[in-house]
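Q: sequence unknown, structure follows:
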Ligand SMILES: Nc1nc(=O)c2c([nH]1)NC[C@@H]1CN(c3ccc(C(=O)N[C@@H](CCC(=O)O)C(=O)O)cc3)CN21
Ligand SMILES: CC(C)C(=O)C(=O)O
Ligand SMILES: [Mg+2]
């Protein structure tokens, strides 16, 4: 592989115009993106967006909008399947949702989250679970939570040909042990986060999610690693940003994390449309002649 090797920690200032056609967002390619395209983007100093997706139709809209990476997150637990947390999500559920997202897309790299209890036991368990997402759903990569504690799992998956996105900082599958609290505050916790980041990079992860960590620390991790960092509640300096799609589009009911930016109010739009339909039916104004067959 001929690769322009940026010095570890160094970031290209800006992408040059000749790189524009290769850009992850706004680039010309219509083929399916791969982890190698993600690696190349860090070398160009390019930032990129990632959204979650749980179904084929929503995923097809994001694909047409040019979102280069979609995560079939286990946040489907609370954002799609009606559970309170991500903890109850099963591998069968993830496989079904991930295959729908793959079918709905043609360009985006699809990353499938390994749910709680499907990789912690051993590297072999992780390989068996990841293999299902790759073979049955057709994802291009998997994601799992944990830094140092998951490095053996990451190593075996990568050795076996499955690209891995790691996830450190707040790891929601551990909610019963850690709650939903900011991670990496204080010198000792910051050192642990840096060790976790290096551990997943050394194990062969192609990218790492940093969730709910102080912006300054996320910036330091981003400068230190040669793999891209994907921030969620981790400030502006990470290589990529991810949001849960139902949060970002204002569909999630109830409280959303404070790092979320709402780009639309789908809850209002859908609710209003449902009420208009109901009123038309009750009032006898739907269907009209043009909505009827004879
Ligand atoms: N709808 C949704 N959005 C998410 O971003 C998300 C999920 N669900 N489920 C899986 C995880 C859990 N996540 C969460 C959940 C709660 C907070 C939260 O309550 N954060 C507090 C700050 C806590 C602190 O300051 O220590 C907040 O007010 O934002 C953050 C991330 C992120 N992920
Ligand atoms: C929030 C992202 C990183 C995630 O793991 C999920 O959506 O499940
Ligand atoms: Mg997740």
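A: Perfect, I can see it now. From a predicted model like this one, the values you see are computed outputs, not experimental measurements. Ligands and ions are numbered 1, 2, ... in the order given.

Q: Other residues contacting stretch 24-35?
A: Stretch 24-35 has contacts (CB atoms under 8 Å, 6 or more residues apart in numbering) with 20-22, 37-38, 41, 46, 48-49, 66-69, 106-109, 140-141, 163, 206-207. From N, CA and C alone the C-beta is placed, and that goes for glycine too.

Q: near ligand 3, which residues of this structure?
A: Proximity of the chain to ligand 3, by CB under 5 Å from the ion, involves residues 73, 74, 113.

Q: so which of those residues is the most crowded?
A: Comparing these by number of neighbours (other CB atoms under 10 Å), residue 74 comes first, having 32 neighbours.

Q: Check which helix or strand that residue maps to.
A: Assessed by DSSP states H and E, residue 74 sits outside every helix and strand.

Q: Hmm, residue 85 and it touching each other?
A: No. The criterion here is CB atoms under 8 Å, and residue 74 misses it with residue 85 at 9.3 Å.

Q: joint contacts of these two?
A: The contact lists of residue 74 and residue 85 share residue 172, where a contact means CB under 8 Å, 6+ apart.

Q: Using the three-state scheme, assign the closest residue to ligand 2 within the stretch 151-294 of the chain.
A: Using CB to the nearest ligand atom, the closest approach of the stretch 151-294 of the chain to ligand 2 is made by residue 209 at 4.7 Å. With DSSP: H, G, I helix; E, B strand; the rest coil as the basis, residue 209 sits in strand.

Q: Now for it, how many residues are close by?
A: For residue 209, the neighbour count with other CB under 10 Å is 28.

Q: quick thing: my sequence starts at 42, can you match it?
A: Done: numbering now begins at 42, and the last item shifts to residue 250.

Q: any idea how far it is from residue 154?
A: In this view, residue 250 and residue 154 are 10 Å apart by CB to CB, to the nearest Å.

Q: Tell me the residues that contact both of the two, please.
A: Common contacts of residue 250 and residue 154 (CB under 8 Å, 6+ apart): residue 184.

Q: what residues are up against the residue of the chain found nearest ligand 2?
A: Ligand 2 sits closest to residue 114 of the chain, with a gap of 2.3 Å, by CB to the nearest ligand atom. Neighbour list for residue 114: 93, 95, 120, 127, 154, 184, 285 [criterion: CB under 8 Å, 6+ apart].

Q: Then residue 108?
A: So residue 108 contacts 66, 90, 91, 92, 149 (CB under 8 Å, 6+ apart).
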